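**Student:** What follows is a protein structure lacking sequence information:
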């Protein structure tokens, strides 16, 4: 594919057929659970439930029915039009299938099948053959050697588990199918849904840059996540990213940083990993946030969507013990965050609500936890930090619950629900304040609740928009990313 493919795609309805198809044929559909053909068929059947009139066809000469749906011997036997073909057959059969799709006038395709350029020379010849057929017929396709794609809003999907992922603001492009699937599931567990997902595979036709250009204008996408092993159009990526990041953040995980991982990437999707230093420089100059791994990608996406960007890198730490505060401060400084000096008025007001043994400074050590009364010292200090003009972001090691875990453990079910409602109201008010003051807040949970399991589940079943982490390093890292992105936007 040449670098002008995106221009052709802009003048076609390809993206509609890929992500919003009205008719889908799964070629290689199987009735055997656990097979790729079964997963792709199940995903397509689920997509038909999401839109009235959406047709799904099974194609397999060795099956009479797949998931209760009649199976055709060839795509050419399907009586109606086919907008999207999901191809899950042996690599050697794919060229024949493409010729049939061309004759059927299929509009778009997803080639899940593996065994192409990522394997050997013979596979590379097969890949070149399907590229030639596709270019001649005008069929653009995803893959080969991928796990599929999905649109969480329209529910068109070729990924078997897509129906279990909620719709949301994060689009994900991944050059690894399994790692992409992992990121999707981590994101969902964090409470952030997806808009689009594409496992790009070998990128024989469409490159990662093509999808990126599409997502730039996709109204359902607010944040773009990338897993990259190597770019085929580095200059185009840089130019696209530089424009996209001005209005949509991009968070990327780049592998292939060592010689061994670069070799693994080459054998995985046939991609040359390239110089890691060059990628780092390009990401920085184009405003792409580079995360270390899939956990960080999801942490960062969650915060970008839910929290305001900090004005700078000055951090205040609220803690319930000196040791926790020291460790957090140490991690923050190593991450390039500044442990800011608090305003004198802030320290004066804190002194009036904290015990005499309190030592003024940042971190703000509450020197122990007192049962909540009319004036909770933790809440008062948090409010003062929000008001402090020297503070850009806050890390709190104080539990986000208004009531001590011991009190919740002894509470009756009715009382526990009342406590939960109070906690939720408090968190909702705090969340509004974060937006008002333009300051992100993250929690670190270092002490496990001493609640019975069934009560702990009830107490945590409501997700907050304020993130919680189990170690200060994760909190400091994501705040550094947010501060860096904010700085980039000011200079862009």
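**Tutor:** Right, received. Where do you want to start? Computed from a predicted structure; not experimentally measured.
**Student:** so which strand or helix has residue 44?
**Tutor:** Per DSSP states H and E, residue 44 falls inside helix 36-50.
**Student:** buried ones in that helix?
**Tutor:** For helix 36-50, a neighbour-count test (16 or more other Cβ atoms under 10 Å) marks 36-48 as buried. Where C-beta positions appear, they are placed from N, C-alpha and C, glycine not excepted.
**Student:** could you redo those residues as TSV and give each row distance to residue 214?
**Tutor:** Formatted as TSV, the buried residues of helix 36-50 follow (distance: Cβ to Cβ, whole Å):
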residue	distance to residue 214
36	25
37	27
38	29
39	25
40	22
41	26
42	26
43	21
44	21
45	26
46	23
47	19
48	24
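**Student:** of all the residues you listed, which two lie farthest apart?
**Tutor:** 36 and 48 (19.0 Å; Cβ to Cβ).
**Student:** tell me the pLDDT at the closest residue to residue 114 other than its chain neighbours?
**Tutor:** Among residues not flanking residue 114 along the chain, residue 145 sits closest, at 4.3 Å (Cβ to Cβ, 6 or more residues apart in numbering). pLDDT, the model's per-residue confidence, is 98 for residue 145.
**Student:** now do the one 3 residues further on
**Tutor:** Note for residue 148: predicted pLDDT of 98.
**Student:** Ok, residue 362 next?
**Tutor:** 98.
**Student:** Check the spacing between it and residue 396 real quick.
**Tutor:** As judged by Cβ to Cβ, to the nearest Å, residue 362 and residue 396 stand 13 Å apart.
**Student:** repeat for residue 96
**Tutor:** Taking Cβ to Cβ, one finds residue 96 at 61 Å from residue 396.
**Student:** neighbour-wise, which of these two wins?
**Tutor:** Set side by side, residue 96 and residue 396 show more neighbours around residue 396, with 25 against 13, by other Cβ atoms under 10 Å.
**Student:** Please name the residues that touch that one.
**Tutor:** With contact taken as Cβ atoms under 8 Å, 6 or more residues apart in numbering, residue 396 is in contact with 317-319, 382, 441-444.
**Student:** change it to 6 Å
**Tutor:** In this structure, residue 396 makes contact with 318, 443, judged by Cβ atoms under 6 Å, 6 or more residues apart in numbering.
**Student:** what are the bridge partners for it, then?
**Tutor:** Beta-bridge pairing of residue 396 under DSSP bridges involves residue 318, residue 443.
**Student:** again, but for residue 84
**Tutor:** Residue 84 has the following beta-bridge partners by DSSP bridges: residue 24, residue 108.
**Student:** In this structure it contacts residue 109, no?
**Tutor:** No. Applying Cβ atoms under 6 Å as the test, residue 84 and residue 109 come out as separate, 7.1 Å apart.
**Student:** distance between the helix or strand where residue 490 lies and the chain's centre?
**Tutor:** Per DSSP H and E, residue 490 falls inside helix 472-491. Distance, stretch centre to chain centre, for helix 472-491: 17 Å (Cα atoms, centre = their mean, to the nearest Å).
**Student:** how about it: buried residues?
**Tutor:** Buried-residue list, helix 472-491, by 16+ other Cβ under 10 Å: 472-488.
**Student:** repeat for stretch 281-299
**Tutor:** 282-283, 286-291, 294-299.
**Student:** mean confidence for the helix of greatest length in the chain?
**Tutor:** Counting by DSSP state H, the longest helix found in the chain is helix 413-437. Helix 413-437 carries an average pLDDT of 86.
**Student:** hmm, what's the outermost residue in the protein?
**Tutor:** residue 356 (46.1 Å; Cα atoms, centre = their mean).
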